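Asks: whatever this is, show me its structure:
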Amino acid sequence: MKKRGLVDFTDTLIDSLGIKVKTFEKEIVELTMPVDKKTKQRFGFLHGGANAALAESTASIGSLLHCDSNKVSVFEMELNANHIKSKKEGLVTAKAIPLHIGKMTMVWDIKIVDEKTF
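Replies: Presented below is the predicted three-dimensional model:
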C-alpha cells in the first residue's frame, strides 16, 4: 500500500504510472515518475499526457495539504503545459510551489525536470 499521510494512492493513476512522492509539504510538493513503457508514447518518448498527469497530481496533492479533505474535494480547473524537451528513459521530477492560496482556488507553478537538470 502506498500511503503518504492520510492520502492513499493505491489503485489510482498515480500508482499506475509509477509516480512516487519525494517531498510532501505545504510550500513544495515533488513527485517523481519513471520514463518507461507505462509513460511513453508509441515512438518511445515520454508522453505529454503522462507529464500532464504528473503535473496535475503534484498540484492536487499540494492543494490537499491546504484543505480539510473531510470537508472539501480538490479538482483541477485549468492546466497549461509547455513541453520544452523530450525524454526516452530515466526519471522526471515535478516540483510544485503555490503562487496563490485562496479560499476557493489555488494557483501552482509546476516545473518538470530530469536528472540532468538538477
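
Asks: for residue 114, give me its contacts.
Replies: If you count contacts by Cβ atoms under 8 Å, 6 or more residues apart in numbering, residue 114 has them with 87, 90, 91, 92, 93. In short, each C-beta sits where N, CA and C put it, glycine included.

Asks: partners of the host helix or strand of the fourth one, with directions?
Replies: Spelled out, that is residue 92. Residue 92 is part of strand 90-101 when elements are defined by DSSP states H and E. Strand 90-101 pairs in its sheet with strand 28-35 (antiparallel), strand 106-114 (antiparallel), by DSSP bridges.

Asks: and the longest one, average pLDDT?
Replies: Looking at strand 106-114 alone, the average pLDDT works out to 96.

Asks: ok now that strand, how far from the chain's centre?
Replies: 8 Å (Cα atoms, centre = their mean, to the nearest Å).

Asks: quick check: residue 16 touching residue 37?
Replies: No: the pair residue 16 and residue 37 fails to qualify as a contact (Cβ atoms under 8 Å) at a distance of 11.9 Å.
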